[in-house]
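*Asks:* Need coordinates for the following:
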Amino acid sequence: MCLCVTIILVCLGLINGCCSLITFKNTSTRQSGCGIYLLCSSILTFWILFFFLLKFLIVLLSQIGSIKNYFFLNIQCYSMDFLLRCCLNIEQWLTAFVAIERAVTSIQGVNFRQRKARLYSKWIVICSIFFVIITNIHDPFYRRLFQENDDEQQQRYWCIVEYQSTFLYNYNSLIAIFHFILPFIINFISAIIII
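*Replies:* Numbering: from 1, shown residues only. You can find the predicted model right below:
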């Protein structure tokens, strides 16, 4: 059931990503910052799908016993969840930046400067990538593989996070909420402004 749902999600995501990439690869759609944000978002969609599918396959194959290489499972535990989390957060922020620019465009009208918005959008994309990576950089340091059974026949490994202090646990929760709630609020307020 999970495999079927994952395949359907990946196929729909690939169709959506391809259509978005074809649309925003055209230079006429990138006259303002929104086009740049949406182009980056469509590229990021492919990365998210790739990391999601790869993570799902690794978990599935390791649970049925096809992958037993501890070093490989350990490396993917540190990297895969971190990369997937960062890509999802960057995607949220890019959507929020599109909403902000559309709200500013509706307020300024004909006085909106597309050339400046296009220049700013490139810097904003780069800064948002660094911001998301810096705020989530703690995550890989506290991940580890947990071995479910000591029995040779049925060894199962799970990638878990263990924060040693309540400060790190609270910080992680706060950052996760921040990267979800703030883009949502920005999108909500921008929609009200546009309406």
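*Asks:* Quick one: mean pLDDT over stretch 62-69.
*Replies:* Across stretch 62-69, pLDDT averages out at 78.
*Asks:* Mind exporting the C-alpha coordinates of that stretch to PDB?
*Replies:* Output of stretch 62-69 as PDB, limited to C-alpha atoms (Å, rounded to 0.1, in the frame of the first residue of the first chain):
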ATOM      1  CA  SER A  62      16.600  -2.200   4.700                       C
ATOM      2  CA  GLN A  63      13.500  -3.400   6.500                       C
ATOM      3  CA  ILE A  64      13.100  -6.400   4.300                       C
ATOM      4  CA  GLY A  65      16.800  -7.200   4.700                       C
ATOM      5  CA  SER A  66      18.100  -6.400   1.200                       C
ATOM      6  CA  ILE A  67      20.400  -3.600   2.400                       C
ATOM      7  CA  LYS A  68      22.600  -4.600   5.300                       C
ATOM      8  CA  ASN A  69      25.600  -2.400   4.800                       C
END
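*Asks:* Could you measure from the residue most central in space within the chain over to residue 96?
*Replies:* Computing the C-alpha centroid of the chain and ranking residues by Cα atoms, centre = their mean puts residue 88 first, at 1.4 Å. Distance, residue 88 to residue 96, using Cβ to Cβ, to the nearest Å: 13 Å. For every residue, glycine as well, the C-beta is placed using N, CA and C.
*Asks:* Same check on residue 89?
*Replies:* Distance from residue 89 to residue 96, by Cβ to Cβ: 11 Å.
*Asks:* higher neighbour count, the two?
*Replies:* Higher neighbour count among residue 89 and residue 96: residue 89, with 23 against 20, using other Cβ atoms under 10 Å.
*Asks:* hang on, the more buried one packs against residue 179?
*Replies:* Yes - with contacts counted by Cβ atoms under 8 Å, residue 89 reaches residue 179, the gap being 4.2 Å.
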